[in-house]
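Trainee: can't give you the sequence, but here's the structure:
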């Protein structure tokens, strides 16, 4: 039991360490001064968990007191919940990239932290993301089964890559269910809104997988080879999270941030599948045998070397 607690404690320390994101390539022109410390939506709160809708371009925590972080936002909203025994005041049991918005869970006691962090490690937490990607996605459903690992390149610190990259190090298996929701345009160029369900939780998994099949996420500065600089943010959002812990059941969902009223350059012209319908189908997808329970999904299975049509060459992101 002690050994198990030590492993969980070590896992939590890694997740809350500010060094986790120190190599992330940030979008140019983003300033912490542009972030409102009061702008934090609470998705769910109980005696065990506090789940918030993290803003894009916000760090989870930092050793710099002048940074606007989720930690500082939560401190201001709930000063009575700060635990002085924790390095950054709270138990962050998982993380999101700096540029990614959406559901982020904090445990409010050791027992809750132990249960949920163990579930994340065992891949027993189900997550769904929304994204806007470059180009028109023609297949309604795609299973991307591509191992990824760190890219060994001093010019790209912190970047990941697919297993077939000549400089890929220590690749590990990853799977992502990729479902087309809407087709339209972003700033006049072809784009698609998709629902993503990762089976594994590797660093930058969704970003690498989308880029690998030729549909880089809109505003992803790193995986567009530092070319996609016009969008105000990277269009990736943690939309839904489900975890049946022994303490309580978590079934959380935010609103869709990628609608024309909120993202002016995005103009959908065709609904391929409503998000509610896509969620139900995705929930019934079994990654153990790569099949949809009860049918309903015509899936293209992508392993290595797909027939890529790189969206960048078609939409003039790079000049």
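Mentor: The structure has been received and is ready for your questions. In this text, all values refer to a predicted model and were calculated from it rather than measured experimentally. Residues are numbered from 1 along each chain as shown.
Trainee: At which residues are the strands of the stretch 1-150 of the chain located?
Mentor: 41-45, 49-54, 91-92, 101-107, 126-134, 141-145, 148-150 (DSSP state E, counting those that start in this stretch).
Trainee: what's the angle from the fifth one to strand 101-107?
Mentor: Pointing back at strand 126-134 there. With axes from the mean of the first three to the mean of the last three C-alpha atoms, to 10 degrees defining the directions, strand 126-134 sits at 160 degrees from strand 101-107.
Trainee: what's strand 126-134 packed up against?
Mentor: Counting contacts by 3 or more C-beta pairs under 8 Å, 6 or more residues apart in numbering; DSSP states H and E, strand 126-134 packs against strand 175-186, strand 189-198, helix 205-212, strand 236-244, helix 275-283, helix 311-315. Quick note: C-beta positions are derived from backbone N, CA and C, even for glycine.
Trainee: Repeat that for the fourth one.
Mentor: Identification of packing neighbours for strand 101-107 by 3+ C-beta pairs under 8 Å, 6+ apart yields strand 49-54, strand 91-92, helix 110-121, strand 236-244, strand 249-253.
Trainee: With the last one instead?
Mentor: Packing partners of strand 148-150 (3+ C-beta pairs under 8 Å, 6+ apart): strand 160-162, helix 205-212.
Trainee: Let me know which of the ones you listed is tucked in deepest.
Mentor: Among the helices and strands packed on strand 148-150, ranked by average contacts under mean count of other C-beta atoms under 10 Å, first place goes to helix 205-212 (a mean of 25).
Trainee: who touches that helix?
Mentor: With C-beta atoms under 8 Å, 6 or more residues apart in numbering as the test, helix 205-212 has contacts from 97, 129, 131, 133, 144, 146, 148, 160-162, 174, 176, 178, 194, 196, 198, 216-217, 220, 222-224, 236, 302, 306, 308.
Trainee: Among the residues you listed, name the buried ones.
Mentor: 97, 129, 131, 133, 144, 146, 148, 160-162, 174, 176, 178, 194, 196, 198, 216-217, 220, 222-224, 236, 302 (16 or more other C-beta atoms under 10 Å).
Trainee: mind checking which of the helices and strands packed on strand 126-134 is nearest residue 69?
Mentor: Taking C-beta to C-beta, strand 236-244 is the member of the helices and strands packed on strand 126-134 nearest to residue 69, at 16.9 Å.
Trainee: Can you lay out the strands of the stretch 1-150 of the chain as a markdown table showing distance to residue 206?
Mentor: As requested, these are arranged in a markdown table below (distance: least, C-beta to C-beta, whole Å):
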| stretch | distance to residue 206 |
| --- | --- |
| strand 41-45 | 20 |
| strand 49-54 | 15 |
| strand 91-92 | 20 |
| strand 101-107 | 12 |
| strand 126-134 | 6 |
| strand 141-145 | 9 |
| strand 148-150 | 10 |
